[in-house]
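In: Following is a predicted model, sequence given first.
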Amino acid sequence: MPNKHCVTLAMQGSSGLACAARRLLNHAARQKIVRATRPYSTKTAAGNTRVTTHYKKVDRSKDPRWKDVDMTRFNDETDVLIVGGGPAGLSAAIRLKQLCKEHSKEVKVTVVEKAAELGSHTLSGAVLEPRALDELMHDWEYMRPPPPLHTPVADDKMFLLTENSAVPLPILPSLPMHNEGNYIVRLGNFVKWLGERAEEAGVEIYPGYGGVEVLYHEDGSVKGVATNDVGVAKDGSPKESFERGMELHAKLTLLGEGCRGSLSKEVIERFALGKGKQPMSYGIGIKELWEVDPAVHQPGLVEHTAGWPVDRHTWGGSFLYHLDEGTPMVATGYVIGLDYQNPYLNPFKEFQRWKTHPHVRRTFEGGKRISYGARALNEGGWQCIPKLEFPGGALIGCSAGLLNVPKVKGTHLAMKSGMLAAEACFRELTEGPASAEGKVSGFQVAGYQQAFDDSWAGQELMSVRNIRPSAHGPLGLYGMMAYTGVVYWALRGREPWTLDHPVGGDHAQLKKAAECKEIDYPKPDGKISFDLLSSVALSGTNHEGDQPPHLTLRDDDTPTARNLADYDGPEQRFCPAGVYEFVDDGNAPSGKRLQINAQNCVHCKTCDIKDPSQNIDWCVPEGGGGPAYSGM
C-alpha cells in the first residue's frame, strides 16, 4: 500500500497536487515491486559496516534491487512555491495574496512543509518583536481569533554568572537586548495561527511533504523541488509500499526551510551565493518548557544570563521567559556557539549543568519539565549572509541566515524578508518580461536583495554586525561586553570597519582530542537536571524506523578513521538527541563502528555544521517524521 498519510494530506486539496496524489495512489496499487536475488554489499572498501543507504547518496540505477521499479514522478505546477511553513514562508504567502487582492490579480501560491502539521517542527525562545507583524497585518490586535501573543514583556533582566554568584548587568533602552514593547510567545502556536490566516487568504498548504531535491531548468535556473520518496527500506531497497516523490514546478521558488536547510545549502553552493562572504557561524539552542511553582512565577519576565558554566572563550548564554497562559509556565534554554574548540564539550550537559546554578535552580525547584527540543541557529550576522537571489528564486528567513544575535531575535527579520520577497515575486509575475512573454521559466526575484538591504531589517543587521565577532579576541566574552558598551553605544553600528569570524567555519575551530582536557560533568539528579534519552522522549520525536537514515555520510569510513581517531568522536557529544554512538564491533577494522539512531533526530542540523570532517549531510526524512513540538 502507498503512504496513506501523505496521500490523505494531498487529497485534502483540490489542486493538481491532489489529483496527482490520486493518480499516484492508483499507480502504486498496480505496481509490482521486484526484489533482486543478488546480494547487496553491506561493507565499505575498508571493511566497515555501510551506514549510508539514502538515495541522495547511493545511485539506485546501479542497485539490482531497483531493477524494474517504475521511477516515474508525477508533477504539479504553481506560480510561487514556498518550501517551509515557518514565519518567513507564511508571511511571504500571506503578502502575495494581499497583493493579489489589492491589484485584482491571481497568483497561485503553494507551501510545502516537512512537519506533519504547521508549527510541530518550530522551536525558538521566543520573544517576538511585533514590527513585521504590524506591517503584515496592521489590525492584528483586533483579529478573531487573535494571534497567540498573550504575554507582553513586563520586566527585563540580564546577569553575568560566576560559579556561585549572579552579577546584574544594566539593560539600557538603546542596547539591542532591550525588550520593551515585545511579547513572549510560543512560536509554534504563532506559526500555526499564521498558517490559518494564509489558508483563509487562499494559499495551498501541504504539511507532511519534505522537499528533498532541487529541480532545474535546462538553462540552470531553479524549476522547483521534488518531495521525498516513501516506502524505502533501511537497507535502501524498495518496500512493497514504495511511492515515488512528486515534482512541484514553479515560476519562482522561495526557500524558507530554516537554519541550514538542505535545499538552501545546495543552492548556496551551486550558485556560489556565499562568494565574497564569510562562512556562516552557528549556535545550538537547547530548550525546555517547565511548569513551575506559582510562588516563583513572574508573568512577563525576560531574563538572560552569560558566563558560567562555559569559559570566556566559549560563546554561551541562557534565557528564562515567564509565560502568562493560565498555568505558571517558563520557557528556558541555553545556546552555545558552534565555534567552540574542545571536542569534549557537550552542549546538552552544559545546559543541564547551568540549571544547577544557585541563581537559576530556584526557578525549577518543585516544578515539572513538560517538553524538550533543540535547533541550530545562525550567528554569523551581516558579513555571513549569502546573496539572497538566485535564478528562479530566493532565500528567506533563517535559510538566508537572518538572526540578530545580540537582540536574541530573528522572527521579525524572517517575516520581513518573506514579505519583501513576496513583493518582488508579485512584480516579476505581473510586470516582468518573462510574464509578458508567457514563459514558465526565466523568472527572477528581481529587486529583493536591494529591498532587503535598504529595509529596516537589513539596516538592523548591519548595525550589530561587529558584536558577535568581537568575542573572538583575547578577552572573549568580556571583550564583547566592552565592545557593546563602548563602541556600539557610541557609534550605533556606524563604525567604518567590519570584524571577521574565525577562518574556515565552525567545524574548523575544533581542536584534536589530544590537545584538550576531558570535561567532568555532574550526574543528572532527575529533578533539575536530566539524562539525554528521557529528554528526547519529551520532544515527541518519531520517524518510520524502516527507512534509510536521513543523516547521510559522504564517506562511511571517515567517522572511525578520522573523527574517532583524532577528535574522540565529537558527534556523540554535540548531538542533542543521542543520534550518534560509537559502539564496539569486533568485525570493524578499528574495533568500533558508528551507529546512527536516526529515529531520535530532532532536526537541529548541528551534525551537518559541526562535524570536523564535513562528512555528514542532513537530508529530509519521510514526510511527517521528526519532533512533534507543541508550542515550542
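Out: Yep, it's here.
In: Longest helix of the chain, counting residues only.
Out: helix 411-431 (DSSP state H).
In: And the following helix or strand past that one, what does it pack against?
Out: Per DSSP states H and E, the first helix or strand lying C-terminal to helix 411-431 is helix 433-436. Applying 3 or more C-beta pairs under 8 Å, 6 or more residues apart in numbering; DSSP states H and E, one finds that helix 433-436 contacts helix 411-431. To be clear about C-beta, it is placed using only N, CA and C from the backbone, and glycine gets the same treatment.
In: And the average pLDDT for the helix it packs on is what?
Out: On average, the pLDDT along helix 411-431 is 97.
In: Summarise which helices and strands the longest helix of the chain is packed against.
Out: Looks like helix 411-431 contacts strand 75-83, helix 87-103, helix 131-136, strand 247-255, helix 433-436, helix 448-454, helix 456-463 (3+ C-beta pairs under 8 Å, 6+ apart).
In: Next, the buried residues of that helix.
Out: Buried residues in helix 411-431, defined by neighbour count with 16 or more other C-beta atoms under 10 Å: 411-429.
In: pLDDT wise, what is residue 75 at?
Out: pLDDT at residue 75 comes out at 96.
In: Same question for the one 4 residues further on.
Out: Model confidence at residue 79, given as pLDDT, is 97.
In: Give me the residue ranges of the stretch 351-500 of the chain where confidence is low.
Out: For the stretch 351-500 of the chain, residues meeting the criterion pLDDT under 70 lie at 436-437.
In: try it again with 50
Out: Applying pLDDT under 50 to the stretch 351-500 of the chain picks out no residues at all.
In: try the stretch 51-200 of the chain
Out: Checking the stretch 51-200 of the chain against pLDDT under 50 turns up nothing.
In: which parts of stretch 621-632 are buried?
Out: So stretch 621-632, judged by 16+ other C-beta under 10 Å, has buried residues 621, 622, 623, 624, 625, 626, 627, 628, 629, 631, 632.
In: Keeping just the C-alphas, turn stretch 267-278 into CSV.
Out: Output of stretch 267-278 as CSV, limited to C-alpha atoms (Å, rounded to 0.1, in the frame of the first residue of the first chain):
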residue,chain,number,x,y,z
VAL,A,267,21.5,26.2,-3.8
ILE,A,268,24.0,28.4,-2.0
GLU,A,269,26.8,26.1,-3.2
ARG,A,270,25.5,25.7,-6.7
PHE,A,271,25.1,29.4,-7.4
ALA,A,272,28.1,30.5,-5.3
LEU,A,273,25.8,32.7,-3.2
GLY,A,274,28.4,32.9,-0.4
LYS,A,275,31.1,34.3,-2.7
GLY,A,276,32.8,37.3,-1.1
LYS,A,277,31.1,36.5,2.3
GLN,A,278,32.5,35.0,5.4
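In: and it, how far out from the chain's middle?
Out: From the chain centre to the centre of stretch 267-278 is a distance of 19 Å (C-alpha atoms, centre = their mean, to the nearest Å).
In: quick thing: my sequence starts at 394, can you match it?
Out: Done: numbering now begins at 394, and the last item shifts to stretch 660-671.
In: May I see the buried residues of that stretch?
Out: In stretch 660-671, counting by 16+ other C-beta under 10 Å, buried: 660, 661, 664, 666, 667, 670, 671.
In: thinking again about what came up before, out of the buried residues of stretch 1014-1025, which one has the weakest pLDDT?
Out: Comparing these by pLDDT, residue 1016 comes last, at 82.
In: isn't it right up against residue 605?
Out: No - with contact defined as C-beta atoms under 8 Å, residue 1016 does not count as touching residue 605 (9.4 Å).
In: Find the residues that touch each one of those two.
Out: 620, 621 (C-beta atoms under 8 Å, 6 or more residues apart in numbering).
In: what angle separates the longest helix of the chain from helix 480-496?
Out: Here the directions of helix 804-824 and helix 480-496 differ by 40 degrees (axes from the mean of the first three to the mean of the last three C-alpha atoms, to 10 degrees).
In: Using CSV, list the CA coordinates for helix 804-824.
Out: Coordinates of each C-alpha in helix 804-824 appear next as CSV, following Å, rounded to 0.1, in the frame of the first residue of the first chain:
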residue,chain,number,x,y,z
THR,A,804,11.3,36.1,13.7
HIS,A,805,10.7,39.7,12.9
LEU,A,806,13.6,39.6,10.3
ALA,A,807,12.3,36.3,8.8
MET,A,808,8.8,37.7,8.4
LYS,A,809,10.1,40.9,6.8
SER,A,810,12.3,39.0,4.4
GLY,A,811,9.3,36.9,3.3
MET,A,812,7.2,40.0,2.8
LEU,A,813,9.9,41.7,0.7
ALA,A,814,10.5,38.6,-1.4
ALA,A,815,6.7,38.3,-2.0
GLU,A,816,6.6,41.8,-3.2
ALA,A,817,9.5,41.2,-5.6
CYS,A,818,7.8,37.9,-6.8
PHE,A,819,4.5,39.7,-7.4
ARG,A,820,6.2,42.4,-9.5
GLU,A,821,8.0,39.8,-11.6
LEU,A,822,4.9,37.7,-12.2
THR,A,823,2.7,40.6,-13.1
GLU,A,824,5.1,43.1,-14.7
